[in-house]
Every structure is written in C-alpha cells, then in structure tokens.
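A.B. asks: make a model of this:
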Amino acid sequence: MTRSPAGLRAAPTGNEEPAWPEDAIEVGCILDAWGVKGWIRVQAYSSDAQALFSSRRWFIQPALQGGAAAAGFKSSLPSLLKILSVREHGEGIVASVQDIADRNAAETLRGARIFISRQAFPATDPNEYYWVDLIGLNVVNRQGEALGEVIGLIDAGPHSVLRLLPPELVAPIKPDQERLVPFVQVYVDNVDLEQRLITVDWGLDY
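C.D. replies: Next comes the predicted model:
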C-alpha cells in the first residue's frame with residue numbers, strides 16, 4: 001500500500017459528483033426535449049434570463065410535487081449539465097447538453113429544476129440589482145423607521161416593486177397585508193448589499 005504524503009490528496013477519478021455550489025440559485029426548469037438531436041426546451045423564471053445564457057454549468061434537481069421530488073425522476077441522472085449551446089427560440093429558450101445526443105436522452109431531463117451559481121451571473125451595471133440579491137434585505141425610511149423585509153418583487157413593466165413583510169407581522173401573510181414600495185430612484189435612496197439594507201423615501205402610512 002502506498003501512503004499519500006501529508007497534505008496531499010489523490011486526484012479525482014472523474015466519477016465523483018460535482019460539488020453543489022453553496023450560492024446556487026434556482027433560475028428555471030427543463031420543460032421537454034426539443035427536436036431529435038438531444039436539445040432541451042427551458043423555461044426561465046425571470047424575464048431577464050442572462051444567467052442561463054452566461055453559464056455553461058447548470059446544476060439540476062428533481063422536479064417538486066407537493067414539496068417532494070417527483071416520482072419517476074431518475075436519480076442516476078447527473079447533477080451537473082455541461083451546456084454546449086443555448087439560444088432563444090420563439091418566446092422560449094433551447095439548449096444542447098454535452099453527452100445528451102438524442103431525444104430519448106433529453107426526455108429523461110423533463111421537469112428538472114435548474115440552478116446556477118450566483119458567481120456565474122453576469123455583472124450588473126451601476127444601480128442595477130438582481131432580484132435574488134434584494135430578497136431578504138431590510139428596508140427603512142429616511143426617519144429610520146423599519147418598513148419590513150423584502151420577500152419578493154413584482155414586475156410592473158417599466159419598473160419593479162418591492163414586496164415587504166411588515167415587521168409587526170409573521171409570514172405567511174395575505175397579499176393585502178404586504179407593504180409595496182416602487183423600486184425606482186425617486187423613492188430609493190440607497191441599496192447596501194453588504195449591510196443588507198435598503199433606505200427609501202417612504203412613509204409608514206403610505
């Protein structure tokens with residue numbers, strides 16, 4: 001038997017499952033096979049699907065049904081898809097995957113949820129933010145009054161709207177209990193991702 005020198009590890013054989021990224025974000029799902037050459041049809045969860053286009057490493061998990069993995073999902077499928085090509089097609093997205101060469105193989109991926117490392121997302125322009133980075137931030141107004149925690153956003157066309165869980169309430173809450181704040185420069189003074197804080201010009205009684 002040969003002992004490895006202290007501090008060294010044997011190189012992986014290539015059969016190990018890739019490490020799941022700690023910053024994985026769910027960005028879409030696989031709808032079905034597309035064509036006969038192994039392409040897949042993808043649904044993005046955001047109208048801005050740049051993360052899907054920029055990353056060539058898509059991690060997948062089984063579809064959920066009632067909070068549990070869907071029956072029949074083959075656990076032998078890889079947890080990582082290496083993307084060869086991805087493009088828009090009509091109103092959707094299609095992609096080709098390494099080692100998925102025919103329709104039958106592509107169909108085994110149907111329903112899988114797609115995750116991408118947050119580090120793989122394209123860089124944003126100044127004063128632009130990904131929704132996922134805003135969820136969970138606390139929101140206060142200029143007077144230092146707590147307005148709540150961001151629990152989601154609404155796409156209102158020209159701008160987004162922050163959905164806040166008021167500090168006096170506990171989730172889950174009804175839609176009419178949420179506090180809504182337009183995410184536009186006229187109302188948003190500052191976004192501090194490190195401090196996880198958004199400061200806005202917005203009153204408690206608005």
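A.B. asks: next secondary structure after the helix or strand bottoming out on mean pLDDT in the chain?
C.D. replies: Every helix and strand in the chain was compared by mean pLDDT, DSSP states H and E; the lowest is strand 68-69, with a mean of 52. Using DSSP states H and E, the helix or strand that follows strand 68-69 in sequence is strand 80-89.
A.B. asks: alpha carbons only: can I get that next one in PDB?
C.D. replies: Output in PDB follows, covering the C-alpha atoms of strand 80-89 (Å, rounded to 0.1, in the frame of the first residue of the first chain):
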ATOM      1  CA  LEU A  80     -24.500  18.900 -13.500                       C
ATOM      2  CA  LEU A  81     -25.300  19.600 -17.100                       C
ATOM      3  CA  LYS A  82     -22.500  21.000 -19.300                       C
ATOM      4  CA  ILE A  83     -24.100  23.300 -21.800                       C
ATOM      5  CA  LEU A  84     -22.700  23.400 -25.300                       C
ATOM      6  CA  SER A  85     -25.100  25.900 -26.700                       C
ATOM      7  CA  VAL A  86     -28.100  28.000 -25.600                       C
ATOM      8  CA  ARG A  87     -30.300  30.400 -27.500                       C
ATOM      9  CA  GLU A  88     -33.600  32.000 -27.700                       C
ATOM     10  CA  HIS A  89     -36.300  30.200 -29.800                       C
END
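A.B. asks: could you list the domains of the protein?
C.D. replies: Following automatic domain parsing, one gets these domains for the chain: 24-120, 131-200.
A.B. asks: list the buried residues of stretch 179-191.
C.D. replies: 179, 181, 182, 183, 188, 191 (16 or more other CB atoms under 10 Å). The C-beta positions use only the backbone N, C-alpha and C, and glycine is treated the same way.
A.B. asks: following the host helix or strand of the third one, which helix or strand comes up?
C.D. replies: In other words, residue 182. For residue 182, the element it lies in under DSSP H and E is strand 179-183. Remark: after strand 179-183, the chain's next helix or strand is strand 188-192, criterion DSSP H and E.
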